[in-house]
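# Can you look at this prediction? I've put the sequence above it.
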Amino acid sequence: MLRDIYFTVVGFLRTFGALQLFFLRLLVNSPHIFFGRFRLVVQQVQNSGTLSLVIIMVSGFFVGGVLGLQGYSNLARFNAEDSVGTFAAFSLLKELGPVISALLFAGRAGTALASEIGLMKATDQLSAMEMMAVDPLPRVLVPRFLGGVISMPLLAAVFSAIGLLGAHLVGVNLLGVDAGAFWQQMQSTLDMSDVYEGIIKSVVFGVVVSLLAVWEGYNAIPTAEGVGRATTRTVVISAIAVLILDFMITAMAI
Amino acid sequence: MDSASDNVIEIQDLDYSRGPRQIFKGLNLSIGRGKVTAIMGPSGTGKTTLLRLITRQLRPDSGKILVDGVDIANLTQKQLYQLRRRFGMLFQNGALLTDISVFENVAFPLREHTRLPNRLIRHVVLTKLHAVGLRGAADLMPTELSGGMARRVALARAMVMDPEILIYDEPFVGLDPISMGVIVRLVRKMNDALGITSILVSHDVQEIAAVADCSLLLADGKVAASGSPDELNNTSSELVRQFMHGMADGPVAFHFAAPNYADQLLGRDSE
Ligand SMILES: Nc1ncnc2c1ncn2[C@@H]1O[C@H](COP(=O)(O)OP(=O)(O)OP(=O)(O)O)[C@@H](O)[C@H]1O
Ligand SMILES: [Mg+2]
């Protein structure tokens, strides 16, 4: 029993150490890929960005709509239904935008990344590159990592913007809150610091989800089953990591 | 005699195991410069593994692998990559990069390692694709190719940097007789015209006879026999004859190590 715990803890620490080292190698190789082979990065932004854009927009719209409904019915009890815009903006910018985007991003682009890299490994493509004296880490992993890191905050921004649109549609157009009050209140209560918190979160989540996806794919057991498992692990571990980090960042911001 | 000059690759006392299975036990072999050497052996004896050891995609448990007299175990990553640029390797399944076209696959090493202008890259790539008969497939994606076509594209890619040593892992599998003939002649021609050293894993005894200067037969983690294809064909060795003539019974077990067949079918525990 104690032995089991010991091995689990040691195994975890070892993996975590290896993950940090891997992260460091990605970072070290990032500048020259970003500046030297920018086209590779743009391709990946396109890949993971476009993959996730539609689901981000649809989800953002409905989450915003729900915020409009819930906000209105709750705030109406305090005769504060004009604040529904503020309520929606706070929730979206600081929490739901970054968190839900990150979860969706992990599910759509993260799994695609992990399985793509895992398959490249399983079909000897990474070995073939090494045989051509090309290191796959900068050539394959870094552009995909950077692509994820860049698209994630953009997607979170899109999510929040469309979410506000949804809240506006429900609050103003459907439930009759005054449009002027909706925007006016929001502007006067929202601080730049709230926006920054959201941005920091989405950047951190982008780094974490992309890192985990690339890591899982690169370390997948090179078989069909191994790739499948890597894909699943990407979603599960990313989701947990995002939610824990969300709590930590929020706690630090308050 | 300076052995480094006539043997490109020398392997001394190599041991390698994968988990509990020992794949090579005290393997010794050498590969002559400028020759076509065929490596044969039953499926699962470790031919692919041997190629990966030679190119240091895997590291041996013990023993030495010398390329041009240099022990490759001690190379830094940079030196290793320097060395690998002298190799061209055809993987058993082609291993084409699936996210770029056939043309870009063949162009890949040129784009990564040289600053050649596009026009020249185009010229080189199309020439190599033409040599394997697939110039017309340049714009296809790898997923649109058949297995045999993919392997021929991979061959073009392996040749594109004009390597000194070409390694082929089962290049003839899945080729129709016509492409097979073309590829066999291509392998031979590159060897004669460009002085390339070729290492070829194959089961096709006839093709090997047509192309190889020397063949090695691997069995039980060692070189069981070596010599020119003719010598092997006419050998008296039981094991070699079994392999060359495709007989199921003989010193080489057709079956992977397993418990007693009857016992297992009857569900008895064999001890
Ligand atoms: N990733 C791996 N993990 C564990 N064992 C492996 C792995 N790859 C290969 N092996 C074992 O190593 C042995 C040699 O494999 P290898 O691929 O080198 O055979 P081969 O001679 O190339 O066979 P084939 O002619 O079928 O391609 C096999 O018996 C296999 O069981
Ligand atoms: Mg093989």
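Arrived safely, thanks for sending. Ligands and ions are numbered 1, 2, ... in the order given.

# Could you pull out the buried residues of the longest helix seen in chain A?
Longest helix in chain A, counting residues (DSSP state H): helix A:38-75. Across helix A:38-75, burial judged by 16 or more other CB atoms under 10 Å in any protein chain shown covers A:40-41, A:44-45, A:47-49, A:51-53, A:55-57, A:59-61, A:63-72, A:75. Bear in mind the C-beta positions are built from the backbone N, C-alpha and C, glycine included.

# same question, stretch A:158-174
A:158-164, A:166-168, A:170-172.

# I'd like to know how many residues surround the closest residue to ligand 1 within the stretch 51-200 of chain A.
Closest contact between the stretch 51-200 of chain A and ligand 1, by CB to the nearest ligand atom, is at A:Ala122 (10.6 Å). Around A:Ala122 sit 18 other residues, with neighbours defined as other CB atoms under 10 Å in any protein chain shown.

# what does the one 3 residues further on give?
The local packing of A:Gln125 (other CB under 10 Å) involves 24 other residues.

# What are the boundaries of the helices in the stretch 151-271 of chain B?
With DSSP state H, counting those that start in this stretch applied, the stretch 151-271 of chain B shows helices at B:177-194, B:205-211, B:229-233, B:238-244, B:261-265, listed in chain order.

# Indicate the residue of the stretch 151-254 of chain A located nearest to chain B.
A:Pro222 (11.7 Å; CB to the nearest CB).

# so what's that residue up against?
Taking CB atoms under 8 Å, 6 or more residues apart in numbering or on different chains, we find A:Pro222 in contact with A:118, A:121-122.

# quick one on the thing from earlier: for B:Gly94, find the nearest of the helices of the stretch 151-271 of chain B.
helix B:177-194 (13.3 Å; CB to CB).

# how close does the residue of chain A found nearest ligand 1 get to A:Ser210?
Per CB to the nearest ligand atom, A:Pro222 is where chain A lies closest to ligand 1, at 7.3 Å. A:Pro222 sits 21 Å away from A:Ser210, going by CB to CB, to the nearest Å.

# SS state for the residue lying closest to the residue of the stretch 51-200 of chain A closest to ligand 1 once chain neighbours are set aside?
Distances taken as CB to CB, 6 or more residues apart in numbering or on different chains place A:Pro222 nearest to A:Ala122, at 4.0 Å, with adjacent residues excluded. Put simply, A:Pro222 is coil when judged by DSSP: H, G, I helix; E, B strand; the rest coil.

# Torsion angles phi and psi at the residue of chain A closest to ligand 1?
phi -80, psi 60 (degrees, to the nearest 10).

# Quickly note the distance from the residue positioned nearest the centre of chain A to B:Leu129.
Most central in chain A under CA atoms, centre = their mean is A:Ala102, positioned 2.6 Å from the mean C-alpha point. According to CB to CB, A:Ala102 stands 44 Å off from B:Leu129.

# now A:Ala253
A:Ala253 is 58 Å from B:Leu129, by CB to CB.

# ditto for A:Gly60
Applying CB to CB to A:Gly60 and B:Leu129 gives a distance of 47 Å.

# ok, back up a step: when A:Ala253 and B:Leu129 are compared, which one has more neighbours?
B:Leu129 (24 against 14).

# For that one, which three-state class applies?
Recorded secondary structure, B:Leu129: helix (three-state DSSP).

# Wait, it touches B:Ala137, no?
Yes - at 7.3 Å, B:Leu129 counts as touching B:Ala137 under the criterion of CB atoms under 8 Å.

# joint contacts of those two?
B:102, B:153.

# If you tally nearby residues, what's the number for B:Ala156?
Other residues close to B:Ala156 by other CB under 10 Å number 25.

# let me redo that: B:His245
10.

# Ok, B:Ala73 next?
13.

# Excluding chain neighbours, what is closest to A:Val45?
A:Gly147 is the one closest to A:Val45 (CB to CB, 6+ apart), at 4.6 Å.

# Over to A:Ser160?
A:Gly97 (3.7 Å).

# again, but for A:Leu40
Using CB to CB, 6+ apart and skipping residues adjacent in sequence, the residue nearest A:Leu40 is A:Pro143, 3.9 Å away.

# Report the contact partners of that neighbour.
With the criterion set at CB under 8 Å, 6+ apart, A:Pro143 makes contact with A:33, A:37, A:40-41, A:43-44.

# which of the residues you listed sit farthest apart?
A:Ile33 and A:Gln43 (11.9 Å).

# B:Pro259 - how many residues pack around it?
11.

# and the closest residue to B:Ile100 other than its chain neighbours, what element?
Distances taken as CB to CB, 6+ apart place B:Phe108 nearest to B:Ile100, at 7.2 Å, with adjacent residues excluded. Taking DSSP states H and E as the criterion, B:Phe108 maps to helix B:102-113.

# got the CA positions of that helix in PDB?
The C-alpha trace of helix B:102-113 is given here as PDB (Å, rounded to 0.1, in the frame of the first residue of the first chain):
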ATOM      1  CA  VAL B 102       4.300  14.100 -52.800                       C
ATOM      2  CA  PHE B 103       6.300  16.900 -54.300                       C
ATOM      3  CA  GLU B 104       6.900  18.600 -51.000                       C
ATOM      4  CA  ASN B 105       7.800  15.300 -49.400                       C
ATOM      5  CA  VAL B 106      10.600  14.800 -51.900                       C
ATOM      6  CA  ALA B 107      11.600  18.400 -51.600                       C
ATOM      7  CA  PHE B 108      11.600  18.300 -47.800                       C
ATOM      8  CA  PRO B 109      15.300  17.500 -47.200                       C
ATOM      9  CA  LEU B 110      16.300  20.100 -49.700                       C
ATOM     10  CA  ARG B 111      14.200  22.800 -48.100                       C
ATOM     11  CA  GLU B 112      15.400  22.000 -44.700                       C
ATOM     12  CA  HIS B 113      19.100  21.700 -45.500                       C
END
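
# which residues of the chain score low on pLDDT?
Because you didn't say which chain, this covers chain A. Along chain A, no part satisfies pLDDT under 70.

# Chain B, not that one
B:1-5, B:236, B:247-257, B:268-271.

# hmm, 50 instead?
Residue ranges of chain B with pLDDT under 50: B:1-4, B:270-271.

# ok, back up a step: of the buried residues of stretch A:158-174, which belong to strands?
Among these, none falls in strands (DSSP state E).

# Out of the residues you listed, the closest to A:Asp194 would be?
A:Ser160 (11.2 Å).

# Tell me how far B:His203 lies from ligand 1.
The gap separating B:His203 from ligand 1 is 7 Å, by CB to the nearest ligand atom, to the nearest Å.

# The nearest residue to A:Asp178 once chain neighbours are set aside: neighbour count?
Computed as CB to CB, 6+ apart, the closest residue to A:Asp178 that is not its neighbour in sequence is A:Asp82, at 6.6 Å. Neighbours of A:Asp82 under the rule other CB under 10 Å: 17.

# I'd like to check which residues are in contact with A:Asp82.
Shown in contact with A:Asp82 (CB under 8 Å, 6+ apart): A:75, A:177-178, A:181-182, A:185.

# Skipping its backbone neighbours, what lies nearest the single nearest residue of the stretch 51-200 of chain B relative to ligand 1 in space?
Closest residue of the stretch 51-200 of chain B to ligand 1, CB to the nearest ligand atom: B:Gln92 (5.9 Å). The spatial neighbour of B:Gln92 that comes closest, neighbours along the chain excluded (CB to CB, 6+ apart), is B:Asp169 at 4.2 Å.
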